[in-house]
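>>> here is a sequence together with a model predicted from it:
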Amino acid sequence: MSLGKVHWDLAGCLLLAWVICYFCIFKGIKWTGKVVYFTATFPYLMLLILFIRGVTLPGAGDGLKYYLLPDMSKLSDPSVWHDAGTQVFFSYAVCQGVLTALGSYNKYNNNCYRDCLVLCCLNSATSIFAGFVVFSVLGFMAFEMGVPMEEVVSAGPGLVFLAYPKALSLLPGSSFWAVLFFLMVLFLGLDSQFVCVESMATALTDLFPRQLRRRGGRELLTLVIAVVCFLLGLPLISEGGIYLFTLIDNYGVSGTSLLFIASFETLVIGWVYGADRFYDNIEDMIGYRPFPVLKYCWMFITPLICWATILYEVGNASEFTVYGYVIGTQGRLLSSLLIITPLICIPVFIFVALCKSFEAHDLTEDLEFSQLSCST
């Protein structure tokens, strides 16, 4: 599969995005936190404005009915549950290291249990509210074009960059609404960049503290990450980049690998480290024990759901197509690599941690032996 030439106008936009990202986070988490106060709240203002405009349009009611009235027959389709599960993983950034890295900056006695509940509720409420914003305008679009809702609703990037902008173009003063919408998309994208780069920088700094906690180390590390990510993003904005983007979207940042990681994490916490011990750790930090059902989620419910979803994926594997194009051998190899690479990190880092612990144990024994020899 040939990707063709890079669109250099898009490359310029990609470069600008990474330049903005670098100068917003290169000073560390405190500087990033100040920037996020604006970039995280501005999209909510835009959502509110677009919502008020959307629900006042003719045909908005039909769009909201399509959004709110479920087709109960779909609940018997396992693919619906699979898509919902992978969406939850992606939306909450579960098992991607982002929450762990950002949470490491909190104080020891920070109420992490409360923060988790607030984060989940806020995330879900935002997603539901965004659905009102989207489907009210799509309902207007269907009304104006005289077609059913099924013909204007699309999935993936087509919804954000094709269907919704086309709907906005039908509004009076369409340029104003388009500017508001794409400003919102821009800030949402920058927020995602911020947390991903911040988590990567935090993880690398923790792995190599001597080298990266020196003066200027943080700035240099952030610059290297930004440059590497910019170069890796160039194939995605080539003529065939949408195929590669969809492949990565399906196999890289969500799906099977995250399900494996989630099952391993919960099994280790619930059975290897011990759910009761983990409860004791949380109680030591926040002063009370969380809701007891969480223990059984770690030990049984979450691993079972993850493995049921994985088995469904394996049992229903078929030819992967992108916009009617069947991905060949190279695409299948890349998809397998995207799934396997994060999983390889688990045994590799277990081995590294064990080696370090053995070295530290041997060093401690040598020191104790030398002290004993000196005293005798």
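Cool, got the structure. Being a predicted model, the structure only gives us computed values, none of them experimental. Numbering: from 1, shown residues only.
>>> ok, now which ones touch Asp83?
Residues near Asp83 by C-beta atoms under 8 Å, 6 or more residues apart in numbering: none. (Each C-beta comes from the backbone N, C-alpha and C, glycine too.)
>>> tell me which element it is part of?
helix 78-91 (DSSP states H and E).
>>> for the very next helix or strand once past that helix, buried residues please.
Sequence-wise, the next helix or strand downstream of helix 78-91 (DSSP H and E) is helix 98-103. Under the neighbour-count criterion of 16 or more other C-beta atoms under 10 Å, helix 98-103 has 98-99, 101-102 buried.
>>> what's the closest non-adjacent residue to the residue nearest the centre of the chain?
The chain has Ala93 as the residue nearest its centroid, 3.8 Å off, counting by C-alpha atoms, centre = their mean. For Ala93, ignoring the flanking residues on the chain, the nearest one in space by C-beta to C-beta, 6 or more residues apart in numbering is Leu99 at 5.9 Å.
>>> do the same with Glu219
Going by C-beta to C-beta, 6+ apart, Glu219 has Phe26 as its nearest residue, at 5.0 Å.
>>> and Pro303, how many neighbours?
20 (other C-beta atoms under 10 Å).
>>> surely it meets Val268?
No. Pro303 sits out of contact with Val268 when judged by C-beta atoms under 8 Å, with a separation of 10.3 Å.
>>> any regions of the stretch 51-200 of the chain where pLDDT drops low?
154-158 (pLDDT under 70).
>>> where do the helices of it begin and end?
Using DSSP state H, counting those that start in this stretch, the helices found in the stretch 51-200 of the chain span residues 60-68, 78-91, 98-103, 112-145, 157-158, 164-169, 174-207.
>>> show me which positions of the helix or strand just after the last one end up buried.
Once helix 174-207 ends, the next helix or strand along the chain (criterion: DSSP H and E) is helix 209-212. For helix 209-212, a neighbour-count test (16+ other C-beta under 10 Å) marks Leu212 as buried.
>>> same check on stretch 171-181?
171, 177, 180-181.
>>> how is this protein carved up into domains?
What the TED database lists as the domains of the chain is 9-231, 254-360.
>>> start to end distance for the first one?
One end of domain 9-231 to the other measures 15 Å (C-alpha to C-alpha, to the nearest Å).
>>> please apply the same query to stretch 291-308.
So stretch 291-308: terminal residues 25 Å apart, C-alpha to C-alpha.
>>> list of residues touching that stretch?
85, 259-260, 262-263, 266-267, 269-271, 275-276, 278-279.
>>> what of stretch 280-290?
108-114, 279.
>>> what residues sit buried inside it?
282, 285-286, 290.
>>> how about stretch 199-207?
Here stretch 199-207 shows 199-202, 205 as buried, counting by 16+ other C-beta under 10 Å.
>>> over to stretch 28-37?
28-29, 32, 35-36.
>>> with stretch 11-20 instead?
Buried residues in stretch 11-20, counting neighbours by 16+ other C-beta under 10 Å, are found at 14, 17-18, 20.
>>> need the residues that contact it.
With C-beta under 8 Å, 6+ apart as the criterion, stretch 11-20 contacts 189-190, 193, 226-227, 229-230, 233-234, 237.
>>> that stretch - what's its average pLDDT?
Mean pLDDT, stretch 11-20: 94.
>>> how far does it sit from its chain's centre?
In this view, stretch 11-20 has its centroid 20 Å away from the chain centroid, taken as C-alpha atoms, centre = their mean, to the nearest Å.
>>> stretch 86-94 now?
The answer for stretch 86-94 is 6 Å, by C-alpha atoms, centre = their mean.
>>> neighbouring contacts of it?
Contacts for stretch 86-94 (C-beta under 8 Å, 6+ apart): 95, 99, 119-120, 123, 127, 195, 253-255, 258-259, 262, 309.
>>> which among those residues count as buried?
95, 99, 195, 253-255, 258-259, 262, 309.
>>> could I get the residues you listed as CSV with distance to Ile346?
Compiled in CSV, these are given as follows (distance: C-beta to C-beta, whole Å):
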residue, distance to Ile346
Cys95, 11
Leu99, 18
Val195, 22
Val253, 17
Ser254, 18
Gly255, 17
Leu258, 13
Leu259, 13
Ala262, 12
Thr309, 19
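>>> so Glu151 touches Met141, yeah?
No. Between Glu151 and Met141 no contact is recorded; they are 9.6 Å apart, counting by C-beta under 8 Å.
>>> and these two? Which one has more around it.
Legend: neighbour count by other C-beta under 10 Å for Glu151 and Met141, higher for Met141 (24 against 11).
>>> state the number of residues packed around the closest residue in space to the more buried one that isn't next to it in sequence.
Once flanking residues are discounted, Met141 sits nearest to Ala167: 3.7 Å by C-beta to C-beta, 6+ apart. Residues within reach of Ala167, counting by other C-beta under 10 Å, total 26.
>>> pull the distance from the helix holding Asp83 to the chain's centre.
With C-alpha atoms, centre = their mean, you get 13 Å for helix 78-91.
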